[in-house]
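Participant: My questions are about this predicted structure, shown below with the sequence.
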Amino acid sequence: MRITRAEVEHVGRLARLALSDEELDSLTGEMDAILDYVEQLKALDTEGIVPTAHAVPMENAFRPDEVRPSFTPEQALSNAPDAIESAFRVRRVIE
Amino acid sequence: MTIFDLTLAELRAKLDNLELSAVEVTNAYLDRIATTNPDLNSFITVCDETAIAEAQAADQAIAAGEVAPLTGLPIAVKDIFNTAGLRTTCASRILENYVSPYDATAISRIKVQKAVIIGKLNMDEFAMGSSNENSAFGAVRNPWDLEHVPGGSSGGSAASIAAHQAAAALGTDTGGSVRQPAAHCSVVGLKPTYGRVSRYGVVAYASSLDQVGPVTRDVRDSALLLQAIAGYDSADSTSVETPVPDYQANLTGDLKGMRIGLPKEYFIEGLDEDVRKAVADAAATYRDLGAEIIEVSLPHTAYAVACYYLIATAEASSNLARYDGVRYGLRDENAEKLIDMYMQSRAAGFGTEVKRRIMLGTYALSSGYYDAYYIKAQKVRTLIRQDFLDVFEKVDTLLTPVAPTPAFALGEKTDDPLQMYLSDIYTIPVNLAGTCAMSLPCGFSEKGLPIGLQLIGKPFDEATMLRTAHAFEQATEWHKRTPNFKV
């Protein structure tokens, strides 16, 4: 086994996914099979190879810091599940 | 000959000489969508009202002599593009009621030419899939055989063009999501070089791999649509400031001195015999047209799928963290605590494959595994990219299959995610390398299912790739075949 059910449960919490018992069972088997498959990468010698994070070599992209048109508060809130005045509303987090 | 048989270029001529109006063309397509969509399920949203208004505006522009290449042409777009005032679901329950407040750059660029946006196309949820079976709005069916998948993730884009539900479509390609469905549906699908087309306003899956691409009837239309969307955009800092050539002017049919490489690692065990033969015949056609065919090697090909499923899932887990039920999307109202609201909203909103990839990516990025999986995969990506840079010292274009088999049956691979992932083995390396590639029709299997040919071009040299594709299309008739579906 490359991954245990307890580890899958832990990853589920990191990913903020409430997983059912059935999902934990099936994900454990599926992730184990996929991790077994990707194990082949370890056969490659990558000593001294620079990781590629981005396919096109480029420097940081800078632009002038100028005021430009942006969303109105109404636009920004147009898809909000719950809003109050110009804010998104969620349940109280501070007791 | 009906309206539906006309390419973008042919429609352009008939709109310009007033033989047809944009409203007539749009109404014809809307009627065709109404009669065919119950069988195919390729559209999530049909833009009945806005499309007619856009067509009327296009007709006025044509009457006033203000014509751009796409004015009045009915184009459907994958439901991954933000389209102001229209629903953008990404085929997910979590975005089922999301209405875009703005346009993606690819959308605003076709809108400025007064193209008609006829609808939003079905896809695999968040572009994660190779069969279009992962949609919260149901699977799309292949118009060549309704019991087979159209491919994915841009399955709706390819099926709609093959079934004549729109004149052209836009899709996105992260690991083959434009090319593989194009091959399975016998249409032309192009993935531009990373950075060629702005990703602004495209719902993100794996940001270092995602690219927008056209799905069309033929190569000329592919050039026409790419021309409209290509070029630097200040809103996407990864788009590249490099000149965009005139793609149509490059379609000369001239292949003299062209060197075409056949990578030997792409013709191995697991490649279907009908596909092998169709691609070998295509290579012979190119030889007859005057190109030189050279066997080449991309030695790290076998590692590409493993590399991809670590990098893409890692990026996905990060990108999809934004769906938390706070600012938009589904919210579980029953949760007592904020963290439960996050966890339950995401659990209710995401489908099985999306959860699987978020989990795999979160694991690959987690403490203790980051170097062993994520950084290792990025190093392998360097080797894969270098394979392509080396081979492009010897040849101008690569010729390969798009997929190892023709379209598979609905349900055939849904229980085995790894088998599904392996169906992208010939398309994934291109995204990792960041270069351009396209799929074009090159034959049919014994069972009558379409087969696609992949051409892979040098970075930012879509022009040479399109010229190579166009020459093949001129010499063959495959692209003229249409499915016997509600004709």
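Facilitator: Right, received. Where do you want to start?
Participant: For the residue nearest to B:Asn122 when sequence neighbours are not counted, give me the pLDDT.
Facilitator: Closest residue to B:Asn122 apart from its sequence neighbours, by Cβ to Cβ, 6 or more residues apart in numbering or on different chains: B:Gly156 at 3.5 Å. Bear in mind the C-beta positions are built from the backbone N, C-alpha and C, glycine included. If you check B:Gly156, the pLDDT there is 98.
Participant: How about the contacts made by the residue positioned nearest the centre of chain A?
Facilitator: Centroid-nearest residue in chain A: A:Ala15, 7.0 Å away (criterion: Cα atoms, centre = their mean). Shown in contact with A:Ala15 (Cβ atoms under 8 Å, 6 or more residues apart in numbering or on different chains): B:317, B:346, B:358-359, B:362.
Participant: what's the spacing between the residue lying closest to it once chain neighbours are set aside and B:Val305?
Facilitator: Spatial nearest neighbour of A:Ala15, excluding adjacent residues (Cβ to Cβ, 6+ apart): B:Thr362 at 4.2 Å. B:Thr362 sits at a distance of 20 Å from B:Val305 (criterion: Cβ to Cβ, to the nearest Å).
Participant: which outside residues touch stretch A:74-81?
Facilitator: With Cβ under 8 Å, 6+ apart as the criterion, stretch A:74-81 contacts A:83, A:86, A:88-89, B:97-99, B:101-102, B:325-331, B:333.
Participant: just to revisit the earlier point, B:Thr362 and B:Val305: which has the busier surroundings?
Facilitator: B:Thr362 (25 against 21; other Cβ atoms under 10 Å in any protein chain shown).
Participant: Pull out the buried residues from the helix or strand containing that one.
Facilitator: Assessed by DSSP states H and E, B:Thr362 sits inside helix B:352-365. For helix B:352-365, the neighbour count (16 or more other Cβ atoms under 10 Å in any protein chain shown) marks B:353-365 as buried.
Participant: repeat for stretch A:53-73
Facilitator: For stretch A:53-73, by 16+ other Cβ under 10 Å, it's A:55-56.
Participant: Is it in proximity to chain B?
Facilitator: Yes - under the criterion of Cβ under 8 Å from any Cβ of the partner chain, chain B is reached by stretch A:53-73 at A:53-56, A:58, A:61, A:63, A:71.
Participant: still on that earlier bit, just the CA trace of the helix holding B:Thr362, in CSV.
Facilitator: Provided in CSV are the C-alpha atoms of helix B:352-365 (Å, rounded to 0.1, in the frame of the first residue of the first chain):
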residue,chain,number,x,y,z
THR,B,352,-16.2,12.2,-8.4
GLU,B,353,-13.4,12.9,-10.8
VAL,B,354,-12.9,16.5,-9.6
LYS,B,355,-12.7,15.3,-6.0
ARG,B,356,-10.2,12.5,-7.1
ARG,B,357,-7.9,15.1,-8.8
ILE,B,358,-8.1,17.6,-5.9
MET,B,359,-7.2,14.8,-3.5
LEU,B,360,-4.3,13.5,-5.6
GLY,B,361,-3.0,17.1,-6.1
THR,B,362,-3.4,18.0,-2.4
TYR,B,363,-1.4,14.8,-1.5
ALA,B,364,1.4,15.6,-4.1
LEU,B,365,1.7,19.1,-2.6
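Participant: which one is whatever residue of chain A ends up closest to chain B nearest to, not counting chain neighbours?
Facilitator: Residue nearest to chain B within chain A: A:Ala55 (2.3 Å; Cβ to the nearest Cβ). Distance criterion Cβ to Cβ, 6+ apart; nearest residue to A:Ala55, sequence neighbours excluded, is B:Gly434 at 2.3 Å.
Participant: and that neighbour, how far is that from A:Val8?
Facilitator: 33 Å.
Participant: Next: B:Ala304.
Facilitator: Separation of B:Ala304 from A:Val8 (Cβ to Cβ): 26 Å.
Participant: before we move on, what about B:Leu310?
Facilitator: Distance of B:Leu310 to A:Val8, given as Cβ to Cβ: 17 Å.
Participant: Check B:Ala278 too.
Facilitator: B:Ala278 is 42 Å from A:Val8, by Cβ to Cβ.
Participant: With B:Glu269 instead?
Facilitator: Counting by Cβ to Cβ, the gap from B:Glu269 to A:Val8 is 33 Å.
Participant: what about the two, which has more around it?
Facilitator: A:Val8 (22 against 5).
Participant: for the residue of chain A closest to chain B, helix, strand, or coil?
Facilitator: On the three-state scheme (DSSP: H, G, I helix; E, B strand; the rest coil), A:Ala55 is labelled coil.
Participant: which residues does it contact?
Facilitator: Residues near A:Ala55 by Cβ under 8 Å, 6+ apart: B:194-195, B:208-209, B:385, B:432-435.
Participant: Model confidence at it, what's the number?
Facilitator: Listed pLDDT for A:Ala55 reads 86.
Participant: what does B:Leu455 give?
Facilitator: For B:Leu455, pLDDT reads 98.
Participant: okay, now it: neighbour count?
Facilitator: 26.
Participant: State the helix or strand in which B:Thr400 lies.
Facilitator: Going by DSSP H and E, B:Thr400 is in strand B:397-401.
Participant: In whichever helix or strand comes after that strand, which residues are buried?
Facilitator: Downstream of strand B:397-401, the next assigned helix or strand under DSSP H and E is helix B:417-422. Neighbour counts over helix B:417-422 (16+ other Cβ under 10 Å) mark B:417, B:420-422 as buried.
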